[in-house]
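Q: just need the structure, nothing else, for what follows:
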Amino acid sequence: MPRIHITKLPGLFLFMLMIGVPATGCAAHPHHHTVVTHHVHKAPPAPRREVVIARPSQGHVWVAGHYVWRPANSRYVWVDGRWSKPPRRGAVWVAPRVEVRRGRTVFVAGYWRR
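A: All right, here's what the predicted structure looks like:
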């Protein structure tokens, strides 16, 4: 089973293009977020095509469909795209992504940042 790692990232982390499931924010320091990462064996499949439906309100942001890593099953699972209201004013969605860290492939879950 892949190990789960928690990494603190600065609040000015670059906005990523892929979209995912939010992780909880770090209440101890308002400029840092707790980000969940998983060691994985491969990158996710190519994103599925999806239809973006009408925006429910100006306050909603489109969170595109994406794959998330499920360590219990050791596989990626598709999450459909959806309109979502940011948890606070000025929050920006940071998409999930796969990175190589110290020679290991890591899935980084998406989250909202201020």
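Q: give the contact list for Pro56.
A: Residues near Pro56 by CB atoms under 8 Å, 6 or more residues apart in numbering: Trp83. (Glycine included, C-beta is placed from N, CA and C.)
Q: got it, and Trp83?
A: Counted by CB under 8 Å, 6+ apart, Trp83 has contacts Ile53, Arg55, Pro56, His60, Val61, Trp62, Val63.
Q: compare these and tell me which has the most neighbours.
A: Compared across the contacts of Trp83, Val63 has the highest neighbour count, 21 neighbours, by other CB atoms under 10 Å.
Q: wait, that one sits on Trp93?
A: Yes - at 5.9 Å, Val63 counts as touching Trp93 under the criterion of CB atoms under 8 Å.
Q: so which residues of this structure form strands?
A: 4-10, 32-39, 61-63, 66-70, 75-79, 82-84, 92-94, 97-101, 104-108, 111-113 (DSSP state E).
Q: make TSV out of the ones you listed and add distance to Arg48 and mean pLDDT.
A: Output for the strands of the chain, formatted as TSV (distance: least, CB to CB, whole Å; pLDDT from 0 to 100):
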stretch	distance to Arg48	mean pLDDT
strand 4-10	26	36
strand 32-39	21	63
strand 61-63	14	93
strand 66-70	9	89
strand 75-79	6	92
strand 82-84	14	95
strand 92-94	18	90
strand 97-101	17	89
strand 104-108	17	87
strand 111-113	22	90
